[in-house]
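Asks: let's see this in three dimensions:
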Amino acid sequence: MTKKLTDDDLQPTVKQLKCLYRVCHQLTNVMFQPIHIMRLDERSLNIFILAGQNEGIELEITLDGSIEP
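Replies: Model (predicted):
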């Protein structure tokens, strides 16, 4: 039986939020790249980011705050 996720389950971790802040700052204020999509993937609970002039930057921030390309 599959557990139904609630709104409380779909919250990013503190480590994810800290990493998200650093990544967004780097993308927008250092690299001057637009962020097109940023969302919490309900399947993996990773934060997905699609960025770049041609949407060529794809990143995932895992539950422990690490970044996967």
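
Asks: could you use CA atoms for every contact and neighbour count after this?
Replies: Noted.

Asks: chain neighbours aside, what residue packs nearest to the spatially most central residue of the chain?
Replies: Using C-alpha atoms, centre = their mean, the residue of the chain that lies closest to the mean C-alpha position is residue 47, 2.7 Å off. In space, and not counting its chain neighbours, residue 47 is closest to residue 40: 4.4 Å by C-alpha to C-alpha, 6 or more residues apart in numbering.

Asks: ok, back up a step: partner residues bridging the residue nearest to the centre of the chain?
Replies: Note on residue 47: beta-bridge partners by DSSP bridges are residue 40, residue 61.

Asks: correct me, but it touches residue 39?
Replies: Yes. With contact defined as C-alpha atoms under 8 Å, residue 47 counts as touching residue 39 (5.6 Å).

Asks: shaky segments in this structure?
Replies: Residue ranges of the chain with pLDDT under 70: 1-3, 5.

Asks: got the residue ranges for the helices in this protein?
Replies: Taking DSSP state H, the helices of the chain run over residues 14-25.

Asks: neighbours of residue 58, how many?
Replies: 13 (other C-alpha atoms under 10 Å).
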